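A.B. asks: Next input, structure requested:
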Amino acid sequence: MMPSAHPMPAMPAHSRGTTLLLNVAHAIDHMFLLIFATAISVIAADFGFASWEQLMPYGAAAFLLFGLGSIPSGRLGDLWGRRPMMLVFFFGMGTAALLVAATQNAWQMAIALTLLGAFASIYHPVGIPMLLQATRRPGWTIGVNGLSGNLGIALAALSTGLAVKFLGWRAAFALPGLVAIGCGILFARITPAETHAPAKRVARTMAVPASVVARVFLVMTTAAAMGGLLFNFTTNGNPELLKERMDGIVNDPAALGLLMAIVYAVASLAQLVVGWLLDRFSLKRLYIAILALQPPLFLLAAHAGGWQLYALQILFMIAVFGAIPFTDVLIARYVDDRMRSRVAGVRLAISLGVSSVAVALLGPVVKAAGFPVLLAVLAVVAMCTLATVAFLPGDARGPQPAE
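C.D. replies: This next block holds a predicted model:
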């Protein structure tokens, strides 16, 4: 993780079109993985299940592959090239979404969703390093990218609610799948081929002691794993939580989808604010401040109902989304670009592999204990994350690569 000290000029910035499509890809990545969770009640009824909790475990393998696939995806991104891997991402996601739309039973759904998860594993270790390789403001770049990803979550809630109401759940997968393929065609046309794969480029100066890098990697991977649990439990459970606590107040699927989309859209702005702050203030102190908000908000939401729950849902999602940019900024500050995809891939495989358990356990936990217990458990996980981040070194400002 310590490149030789031979600085080189900054890489040319991406065109606006390439940058836009890389951010759109983040929206696609998160949107596609949450269509299933948003439409699960309708899909479960269509496949003959008595309740959505019984179908939820069939989506667990998708999130497992989303994590484990990050290792080969990151390796190929560094050694083969990030542009070709992004093309595989766009076309693969589109094709997999069309396959999901064509499934006829739960096991077919599980297989198609697993394929979707495998292609989804490409984006984070490849697309984000591709954005960062040409930026002078990593915090802001990651903030905008995080906003894009979370707007994809909001779009999943809104578009799936509308599709289910007017066109059926299959259209909720098929239409975005065609959009992804179209984005792949545009990306191929406007993004120039790479002259060298990242691993074959000249090193950029980054004199960070190996012990510090190892410590940062351990802390950020542990914190990211626990943050992934919070992210997956909330984003996959929020639609049903809202449906349960708003029963008798709002019952229309499209209206519930709109309310959920508003939650994610508002919470997404937190990443933009955090990204701006990360370029100006101590990462460690800012990270701890965001994490400290999570436990009390989860505990308050555990027994809230109606519009009070809805307001708390917005607040705890702001705190969950606001914590997301930190790990990518740590990689940008401490890891040389030539191996960022591989380091990000290993970190993601560990953290997302652990957090994929959330998808498998969500239905059984809620069925056995209810949402109050689940939210209390999330508060405990948030406190553990806070304790872990306290071990980050200093102000967590690694020396920046020489431009």
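A.B. asks: contacts, neighbours, all on C-alpha from now
C.D. replies: Noted.
A.B. asks: Spit out the contact partners of S121.
C.D. replies: By Cα atoms under 8 Å, 6 or more residues apart in numbering, the contact list for S121 reads L65, F66, G67, L68, G69, S70, S73.
A.B. asks: most surrounded residue in those?
C.D. replies: In terms of neighbour count, S70 stands highest of these at 32 neighbours, by other Cα atoms under 10 Å.
A.B. asks: Quick check: that residue vs L22, distance?
C.D. replies: Distance of S70 to L22, given as Cα to Cα, to the nearest Å: 17 Å.
A.B. asks: likewise R83?
C.D. replies: R83 is 10 Å from L22, where distance means Cα to Cα.
A.B. asks: Of the two, give the one with the bigger neighbour count.
C.D. replies: Neighbour count, other Cα under 10 Å: between R83 and L22, L22 has more, with 24 against 20.
A.B. asks: and the more buried one, how far is that from I142?
C.D. replies: From L22 to I142 the distance is 11 Å (Cα to Cα).
A.B. asks: Touching both of those two, which residues are there?
C.D. replies: The contact sets of L22 and I142 overlap at I128 (Cα under 8 Å, 6+ apart).
A.B. asks: Give me the contacts around the host helix or strand of M93.
C.D. replies: Secondary structure from DSSP states H and E places M93 in helix 82-101. Among residues not part of helix 82-101, those counted as contacts by Cα under 8 Å, 6+ apart are 25, 32, 73, 76-77, 108-109, 112-113, 115-116, 119-120, 122-123, 126-127, 130, 169-174, 176-181, 183-184, 187-188, 191, 193-194, 197-198.
A.B. asks: tell me the pLDDT at the residue nearest to S70 when sequence neighbours are not counted?
C.D. replies: Distance criterion Cα to Cα, 6 or more residues apart in numbering; nearest residue to S70, sequence neighbours excluded, is G345 at 4.4 Å. G345 is assigned 82 on the pLDDT scale.
A.B. asks: What strand or helix carries G345?
C.D. replies: Judged by DSSP H and E, G345 forms part of helix 340-355.
A.B. asks: That helix to helix 82-101, inter-axis angle?
C.D. replies: Using axes from the mean of the first three to the mean of the last three Cα atoms, to 10 degrees, one finds that helix 340-355 and helix 82-101 are set 30 degrees apart in direction.
A.B. asks: Show me how far helix 340-355 is from its chain's centre.
C.D. replies: 12 Å (Cα atoms, centre = their mean, to the nearest Å).
A.B. asks: any idea whether L55 is helix, strand or coil?
C.D. replies: helix (DSSP: H, G, I helix; E, B strand; the rest coil).
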